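[1] Pasting the sequence and the predicted coordinates here, then a few questions.
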Amino acid sequence: MKKSLTLRSALMAIAIASTPALIAAAPATTDDPFLWLEDIEGAKAIAQVEQWNGQTDRLLRAAPTFERDRARARAILDDESQIALPDRVMGDRVTNLWRDAKNPRGLWRSSDLASYLAGKPNWKTIIDVDALGKAEGKSWVWHNADCLAPDYSRCLVSLSPGGTDADVVREFDLTTGQFVKDGFALPEAKSNVAWADRDTLLVATDYGAGTLTDSGYPRQVKRWKRGTPLSAATLVKEGVAADISVRPRAEQDGDRRWTFIDRGLSFYASELYVEGTGGKLVRTPLPETADFRGLFDGQMIVLLNDPLGDIPAGSLVSWPVADVAAGKAGAPQLVLKPTATTVVEEVRATDHILWVKQLDNVSGALLAMTRDAATGRWTSRPVPLADKATVHLVGTADSQDMVFASFEGMLTPPSLMAAGASGPARTVQQLPARFDASQFTVEQRFATSKDGTRIPYFLARKKGVKGPVPAFIHAYGGFRAAQTPAYLTTEPYRAGPLGLFWVEDGNAYVLANIRGGGEYGPTWHQAALREKRQNAFDDLAAVAEDLVKTGVSMKGRIGISGRSNGGVLVGAAMTQRPDLYGAVIAGSPLEDMKRYSHLSAGASWVAEFGDPDKPSDWAFLSKWSPYQNVKTGVHYPPAFFYLSTKDDRVHPGHARKMAAKLMGTGSTVYYHEYREGGHSVGADHAEDAVRAALLHAFLTKELVDAKKK
């Protein structure tokens, strides 16, 4: 015990040895002594960040496993046998963004569909992002390309400087392979752009003072004609500053292109308008909380997040889009109802099939649905898939009535499958195994939360290992985002093979499906919304305690991990139960819930967390806001914060201030702030590989080595 305390004290001393002078230099002009760390590019704040980065590097890069882990993670991430997922299928061609060791920022390329389906694609490079960045002196990170149907010759290419959410948009001609001279181009902003036709765009962007919402997103959509300056674009729809955003959307349905305007009232409420005759905007009948999932066979496909009359939440419904545009929508038609364990997660449409990806007890399931045009009756056909796996719909070949789905499990290498109008799905490509799966087991278990709710989780372990062993739980718990099991070389998010490294050591890796996500539909999310947020923290604790109760692990040897919203989850968890957890990983985290709505895009999440400026909301937020609940005299579990200076979604001040405050309690803190990468942190595989190695060294030091002393 004495050795453990000595080691921890030594680590803490190294971690804060050179920081007090900088921290003390900032005058406490408010009740927040670390407010100065919110100055994103401020010299003093950056100097502090560089100190913390250096200290963490010196501690963890010296680990005997670091270089081996980094090299192995980089090899896995850059392996050319990776699956080339279809970004878009455009007629008889498929596009893909390919990243490897030689092309860290990527090649945007295309192949004919026939050779792609045969597993021998004939790739031709369209844009070399690395070469473009070098030629233009920019650190370009690829966002996307939107090519106009049906000929797909003109595309709007979005590129981000350094990986921020903001990007530039430039028109590209696929027939010439060049950016269009004097074509459509938008400067850096958080823009949303949609093709109305070849010579017209609907553009939501930063038009200057007073044109952004309080959340920092556009609140004006304008119609921009080719050959005219952006300043001459005409207003189509304008929201108010309190909105989240106003953005255009275009959907192709057969030969008809429909344009929509989505006015975001809050993160979970919006008004959807369709352009009718003469460009007149018609308010659609969608409830404000419903999600428009696209067009199919003349129908607007909509997911209900709240009941609509007798139709339960979680159902798919439809309205005829032509009737809606003419102002005579009528009643919705039921497409698909959820069950107690099965919920809709993703929807894609081809010419004659509506593809619905469901979650069935957190495992992926796929349905092929068709509609009888004469009767309007919907029928469905299940497409068989394996159990306990993650499925994502990644592309469609519309005229071929084919959907592409990625498929993987913790022990099942990722594969790309194609399903058609009949028969089972077929494998287009499958990665070779990255490890010997026969060494490990994966099982789904259920913990019981404080209020009696059963919380599912997936547990991966090495065969024959006797507990208790160190355990590592990854969770999210918010924004309707379900956490589903993926191959161990890609878990957890953006940290590459950290999950694999951990179980190879003989430890336990857990993916927890706590409330706040979308694992069981809208009610699962709503159960941890706003004043009910404590349920998510209780669920995480319940999973950890179940690991203790069942002999898998023990108190103080359980690490927890979360990023973004998951960062506030683990921040609250560590302040509420410092006795239960032995290590904490927080990536791009929210931490200061008193100020979050005034930082970066924070105002857009008030519907999720609550409004701290309202006393009634701060009453419940203040009970769990991590930053405000760090107490002097309490020794918190060692924490590792990773983030990016260029994160323009979650302000880096959250992690900086939380790190400084924890250091003030004498707790051990590790810190790694990349300068580029945006909210996803890693701008390329090199950074992802370093992070995987750093996090493995951190978990080993704090949950394995420290407990042996």
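    Looks like it arrived, so ask away. Numbering: from 1, shown residues only.
[2] The helix or strand harbouring Trp319 - which strands sit beside it in the sheet, and in what orientation?
    Per DSSP states H and E, Trp319 falls inside strand 316-320. Strand 316-320 sits in its sheet next to strand 299-303 (antiparallel), strand 333-336 (antiparallel), going by DSSP bridges.
[3] What residues sit buried inside the shortest one?
    Translated: strand 333-336. Gln333, Leu334, Val335, Leu336 (16 or more other CB atoms under 10 Å). Yep, even glycine has a C-beta here, placed from its N, CA and C like the rest.
[4] Of the strands paired with strand 316-320, which is nearest Ala460?
    Ala460 sits nearest to strand 299-303 of all the strands paired with strand 316-320, at 31.3 Å, using CB to CB.
[5] Residues contacting the closest one, please?
    Outside strand 299-303, the residues that touch it by CB atoms under 8 Å, 6 or more residues apart in numbering are 284, 286, 290-295, 314-321, 324, 332-333, 335, 344, 347, 349, 354, 371.
[6] quick one, strands of the stretch 301-450 of the chain?
    316-320, 333-336, 342-349, 354-360, 363-371, 378-383, 390-397, 402-408, 415-419, 426-430, 440-448 (DSSP state E, counting those that start in this stretch).
[7] Lowest mean pLDDT across those strands, which one is that?
    Mean pLDDT values for the strands of the stretch 301-450 of the chain show the minimum at strand 426-430, a mean of 91.
[8] In CSV, list the C-alpha atoms belonging to it.
    What follows is strand 426-430, C-alpha atoms only, in CSV (Å, rounded to 0.1, in the frame of the first residue of the first chain):
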residue,chain,number,x,y,z
ARG,A,426,-23.6,-11.8,-50.2
THR,A,427,-20.2,-10.8,-49.1
VAL,A,428,-18.4,-8.4,-51.3
GLN,A,429,-15.2,-8.1,-49.2
GLN,A,430,-14.1,-9.3,-45.8
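[9] quick one: strands adjacent to it?
    In the sheet, strand 426-430 lines up against strand 415-419 (antiparallel) (DSSP bridges).
[10] Restricting to C-alpha, output the partner strand in PDB.
    Coordinates of the C-alpha atoms in strand 415-419 are reproduced here as PDB (Å, rounded to 0.1, in the frame of the first residue of the first chain):
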ATOM      1  CA  SER A 415     -17.000  -7.200 -44.000                       C
ATOM      2  CA  LEU A 416     -19.000  -5.500 -46.800                       C
ATOM      3  CA  MET A 417     -22.200  -7.200 -47.800                       C
ATOM      4  CA  ALA A 418     -24.600  -6.500 -50.600                       C
ATOM      5  CA  ALA A 419     -28.300  -7.300 -50.500                       C
END
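[11] What lies in contact with that strand?
    Contact with strand 415-419 is made by 83, 85, 117, 355, 366, 368, 383, 394, 402-408, 425-431, as judged by CB under 8 Å, 6+ apart.
[12] picking up where we left off before, quick one: which of the strands of the stretch 301-450 of the chain is nearest Arg93?
    With CB to CB as the criterion, Arg93 lies closest to strand 390-397 of the strands of the stretch 301-450 of the chain, at 10.1 Å.
[13] Which secondary structure elements does the closest one sit against?
    Contacts defined by 3 or more CB pairs under 8 Å, 6 or more residues apart in numbering; DSSP states H and E place strand 390-397 against strand 88-90, strand 342-349, strand 354-360, strand 363-371, strand 402-408.
[14] re the thing from before, possible to save the strands paired with strand 316-320 as a markdown table with distance to Lys532?
    Listed next are the strands paired with strand 316-320 as a markdown table, based on distance: least, CB to CB, whole Å:
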| stretch | distance to Lys532 |
| --- | --- |
| strand 299-303 | 22 |
| strand 333-336 | 27 |
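[15] Which one of those lies nearest to Val570?
    Val570 sits nearest to strand 299-303 of all the strands paired with strand 316-320, at 29.5 Å, using CB to CB.
[16] Centre of the chain to that closest one, how far?
    Centroid separation between strand 299-303 and its chain, computed with CA atoms, centre = their mean, to the nearest Å, is 24 Å.
[17] just to revisit the earlier point, looking at the buried residues of strand 333-336, which two lie furthest apart in space?
    Among those, Gln333 and Leu336 lie farthest apart (CB to CB), at 10.8 Å.
[18] Tell me how many other residues crowd the spatially closest residue to Ala447 that is not a sequence neighbour.
    Closest residue to Ala447 apart from its sequence neighbours, by CB to CB, 6 or more residues apart in numbering: Asp546 at 3.7 Å. If you count neighbours by other CB atoms under 10 Å, Asp546 ends up with 21.
[19] Can you tell me the SS state at Asp546?
    State at Asp546, reduced to three classes by DSSP: H, G, I helix; E, B strand; the rest coil: helix.
[20] Kindly report the same for Gln628.
    Recorded secondary structure, Gln628: helix (three-state DSSP).
[21] Tell me who's in contact with it.
    Counting by CB under 8 Å, 6+ apart, Gln628 makes contact with Asp592, Met593, Lys594, Ser622.
[22] Give me the residue ranges of this structure where confidence is low.
    1-30, 491-495, 683, 707-709 (pLDDT under 70).
[23] Packing partners of the top strand by length along it?
    Ranked by number of residues, the top strand in the chain under DSSP state E is strand 256-266. If contacts are counted by 3+ CB pairs under 8 Å, 6+ apart, strand 256-266 sits against strand 192-197, strand 234-238, strand 245-253, strand 269-275, strand 291-296.
[24] which residues are in contact with the first one?
    With CB under 8 Å, 6+ apart as the contact definition, strand 192-197 has outside contacts at 146, 148, 154, 156, 169, 186, 201-205, 218, 223, 245, 247-250, 257, 259.
[25] Selecting buried members of these in PyMOL, what would you type?
    Only the buried entries of these go into this PyMOL selection, using 16+ other CB under 10 Å:
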select buried, resi 148+154+156+169+186+201+202+203+204+205+218+223+245+247+248+249+250+257+259
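[26] mind saving the C-alpha coords of the strand holding Trp319 as PDB?
    Output of strand 316-320 as PDB, limited to C-alpha atoms (Å, rounded to 0.1, in the frame of the first residue of the first chain):
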ATOM      1  CA  LEU A 316     -42.000   4.500 -39.500                       C
ATOM      2  CA  VAL A 317     -44.800   6.300 -41.300                       C
ATOM      3  CA  SER A 318     -45.300   7.900 -44.700                       C
ATOM      4  CA  TRP A 319     -47.000  10.800 -46.500                       C
ATOM      5  CA  PRO A 320     -47.300  11.300 -50.300                       C
END
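[27] Next, the angle strand 363-371 makes with it.
    30 degrees (axes from the mean of the first three to the mean of the last three CA atoms, to 10 degrees).
[28] what angle sits between strand 316-320 and strand 354-360?
    Here the directions of strand 316-320 and strand 354-360 differ by 160 degrees (the same axes, to 10 degrees).
[29] Which positions within strand 316-320 qualify as buried?
    Applying 16+ other CB under 10 Å to strand 316-320 flags Leu316, Val317, Ser318, Trp319, Pro320 as buried.
[30] TSV please, covering the residues you listed and showing distance to Tyr674.
    Shown next, in TSV, are these (distance: CB to CB, whole Å):
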residue	distance to Tyr674
Leu316	40
Val317	44
Ser318	44
Trp319	45
Pro320	49
